[in-house]
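# please find the sequence and the predicted model below.
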Amino acid sequence: MSSTTELRRTPLYDRHAAAGAKLVPFAGWEMPVQYGGIREEHIAVRTGVGIFDVSHMGQVLTRGPGALDFLQRTLSNDVRRLPEGGAQYSVLCREDGGVLDDLFTYRLAECEYLTVTNASNHESDLAWLQSHAGEFDVDVLDRAGDFAMLAVQGPNARALVQRLTDGSLPSRFHVCLRAVAGVPMLVCGTGYTGEDGVELMLDPEHAPTVWDAIVQAGATPVGLGARDTLRMEVCFHLYGNDLSEDRGPIEAGLGWCCKEDTGFIGSEAVAAARASGTSEKLVPFVIEGQGIARQGNPVLAGGEVTSGTFSPCLERGIGMAYVSSARAEPGTHLEIDVRGRTRRAVIERKPLYRKEA
Amino acid sequence: MADPSYPDDLKYHSEHDWARIDGDSATFGITWYAQDALGEVVFFDPPQVGSQVSKDQAYTEVESVKAVSDVIAPLSGEVTEVNDALGDKPETINEDPYGEGWLVKVKLSDLTEVDSLMDSTEYQATLD
């Protein structure tokens, strides 16, 4: 038996190593954090095309006559509104409303749904879902080993992938089966960068072929470092930073993907939080002047930074913090203790980065 | 980004700092290894001219997109000059870590401390 602490490698590990990527442990995987540099990779996604290996993410297949009722019970969004070939974002909640994960679910067929999990939560999500499947006529199956996952993102991403694809690409928040570079796969009109693009889920064996074809067509390999700065500029949550079991979706600003009238697990707690308000709220902020706040930095009037970085587009420190709901309006000034030094920040509206019209 | 290099005329500290000794003064900076591990530096917060730095103690920090790192003083003394040009172009630390990317100049208080530093060969032997 190999040690459980041994890091897992995606089918693209050799590609990353050959490209000179810096590989770091992430959620039990050895993942590329950067190739050339976070800033240039970030800008490549904002202005051209980037390709990310996100094969560490997991997949759960839910199928059977009871699939819809089961997912309606477990996912926060209204799964009835998810058409065949559609994609939907939701959170998975405990009874008390604590967030177990945030997820995209794709409806592949009438009674077949594929849900993408965060790598760090895959096993626990799967166990949670299976433990609640008993009363439904449904199979909940681990499919994480069946898929490599690539994200191709940026203003030119669709055009690039289209040239390699045997049919039209799915529109935003849709999914279809296509052959890309001759390899059949699920092509999804989703992503987590704030840019247009697609995500590809395919047989791991063929991942290197597809990676090479997309890179040769002009996409820049982008690591998890820029994935983090990109998602933060558009205020997308990262589980483990901005979301946790100790926080509910309302305070996290995810009430929009919670439809309590569906009766999902945790819906009573979410409805109560929505009705009475929460003591804290997650807000995006920009540092005034120099300095970069990081995860865990305290907000002086109460609260905590959950994500913080340097924004390559805004060229300032940015982040997200839980602060008192009484002081959560855009324009409110914050003082953040950054390693013993007080930095001033201002609460902004989402997203922090907007494409120029 | 510059290629890996560890010039022979510098003295090295195990926390990946270098010192260029010139009489009773020295220039400090971070090594190629340190800037590579850190990634693109986006912020350098210089100490005050006139402040005291102590060997093996943090005297400033450099920050990259992904992380912040303390910079350890390889020797003790008083800061006589800081590299203000890094305020606008902190990435110089990556591009030229032993030249334009220097951090501070220090009037040394104890020249015997120099004996505890490593030469280039010894320092490189400590790297992976």
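Sure, I can see it.
# gap between the lowest-mean-pLDDT helix or strand in chain B and the chain center?
When the helices and strands of chain B are scored by mean pLDDT, DSSP states H and E, strand B:41-45 comes last with a mean of 90. How far strand B:41-45 lies from its chain's middle: 13 Å, per Cα atoms, centre = their mean, to the nearest Å.
# pull up the pairing partners for that strand, direction included.
strand B:58-64 (antiparallel) (DSSP bridges).
# using CSV, write down the CA coordinates of the strand it pairs with.
The C-alpha trace of strand B:58-64 is given here as CSV (Å, rounded to 0.1, in the frame of the first residue of the first chain):
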residue,chain,number,x,y,z
ALA,B,58,13.6,40.0,9.9
TYR,B,59,14.1,43.7,8.8
THR,B,60,11.6,44.0,6.0
GLU,B,61,9.2,42.0,3.9
VAL,B,62,8.8,41.4,0.2
GLU,B,63,5.5,40.3,-1.2
SER,B,64,4.6,38.4,-4.4
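# run the chain-centre distance for that strand.
10 Å.
# same check on stretch A:100-107?
9 Å.
# show me what it is in contact with.
Outside stretch A:100-107, the residues that touch it by Cβ atoms under 8 Å, 6 or more residues apart in numbering or on different chains are A:71, A:75, A:77, A:79, A:82-94, A:113-118, A:121, A:124-125, A:128, A:175, A:186, A:188, A:190, A:237, A:239, A:243, A:245, A:254. All C-beta spots, glycine's among them, are computed from the backbone N, C-alpha and C.
# can you tell me the SS state at the residue most central in space within chain B?
The residue lying closest to the centre of chain B (Cα atoms, centre = their mean) is B:Gly29, at 1.9 Å. What DSSP: H, G, I helix; E, B strand; the rest coil gives for B:Gly29 is strand.
# look up how far B:Thr92 lies from it.
10 Å (Cβ to Cβ, to the nearest Å).
# spit out the residues that contact these two alike.
Contacts common to B:Gly29 and B:Thr92, judged by Cβ under 8 Å, 6+ apart, are B:Gly101.
# coming back round to it: and the following helix or strand past the least confident helix or strand of chain B, what does it pack against?
Sequence-wise, the next helix or strand downstream of strand B:41-45 (DSSP states H and E) is strand B:52-53. Other helices and strands packing on strand B:52-53, by 3 or more Cβ pairs under 8 Å, 6 or more residues apart in numbering or on different chains; DSSP states H and E, are strand B:77-82.
# got the angle between the strand it packs on and strand B:58-64?
Per axes from the mean of the first three to the mean of the last three Cα atoms, to 10 degrees, the angle that strand B:77-82 makes with strand B:58-64 is 40 degrees.
# from the chain's centre, how far out does whatever helix or strand A:Tyr89 lives in sit?
Using DSSP H and E, A:Tyr89 maps to strand A:87-93. The chain centroid and the centroid of strand A:87-93 are separated by 11 Å, computed with Cα atoms, centre = their mean.
# please enumerate residues in contact with that strand?
With Cβ under 8 Å, 6+ apart as the contact definition, strand A:87-93 has outside contacts at A:74-77, A:79, A:81-82, A:99-107, A:125, A:128-129, A:173-175, A:188-190, A:243, A:248-249, A:254, A:257-258, A:264-267, A:269-270.
# now do 7 Å
A:74-77, A:79, A:82, A:99-106, A:125, A:128, A:173-175, A:188-190, A:249, A:254, A:257, A:264-266, A:270 (Cβ atoms under 7 Å, 6 or more residues apart in numbering or on different chains).
# chain B contacts on the stretch 101-250 of chain A?
A:225, A:229 (Cβ under 7 Å from any Cβ of the partner chain).
# on the three-state scheme, the residue of the stretch 101-250 of chain A found nearest chain B is what?
Residue nearest to chain B within the stretch 101-250 of chain A: A:Gly225 (5.3 Å; Cβ to the nearest Cβ). Three-state assignment for A:Gly225 (three-state DSSP): helix.
# surely it meets A:Val33?
Yes - the criterion here is Cβ atoms under 7 Å, and A:Gly225 meets it with A:Val33 at 4.6 Å.
# what residues does chain B have near chain A?
B:39-40, B:42-43, B:63, B:65-66, B:68.
# okay if I get the residues you listed as a markdown table plus distance to A:Leu160 and neighbour count?
Conversion of the residues of chain B next to chain A to a markdown table gives the following (distance: Cβ to Cβ, whole Å; neighbours: other Cβ atoms under 10 Å in any protein chain shown):
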| residue | distance to A:Leu160 | neighbour count |
| --- | --- | --- |
| B:Gly39 | 27 | 20 |
| B:Glu40 | 26 | 23 |
| B:Val42 | 29 | 24 |
| B:Phe43 | 34 | 18 |
| B:Glu63 | 34 | 23 |
| B:Val65 | 26 | 24 |
| B:Lys66 | 27 | 24 |
| B:Val68 | 36 | 16 |
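# just the helices in the stretch 251-357 of chain A please.
In the stretch 251-357 of chain A, the helices defined using DSSP state H, counting those that start in this stretch lie at A:267-276.
# so which bits of it are right by chain B?
A:290, A:292, A:294, A:309-310, A:339.
# skipping adjacent residues, who's closest to the residue nearest to the centre of chain B in space?
Nearest non-adjacent residue to B:Gly29, counting by Cβ to Cβ, 6 or more residues apart in numbering or on different chains: B:Trp102, 4.6 Å away.
# what is the mean pLDDT for the strand holding A:Tyr89?
Here strand A:87-93 scores 98 as its mean pLDDT.
# after that strand comes which helix or strand?
strand A:99-109.
# how far off helix A:267-276 does that next one point, in degrees?
Using the same axes, to 10 degrees: strand A:99-109 against helix A:267-276 is 110 degrees.
# which parts of strand A:99-109 are buried?
For strand A:99-109, the buried set under the neighbour-count rule, 16 or more other Cβ atoms under 10 Å in any protein chain shown, comprises A:99-108.
# with stretch A:145-161 instead?
Quick answer for stretch A:145-161 (16+ other Cβ under 10 Å): A:147-154, A:156-158, A:160-161.
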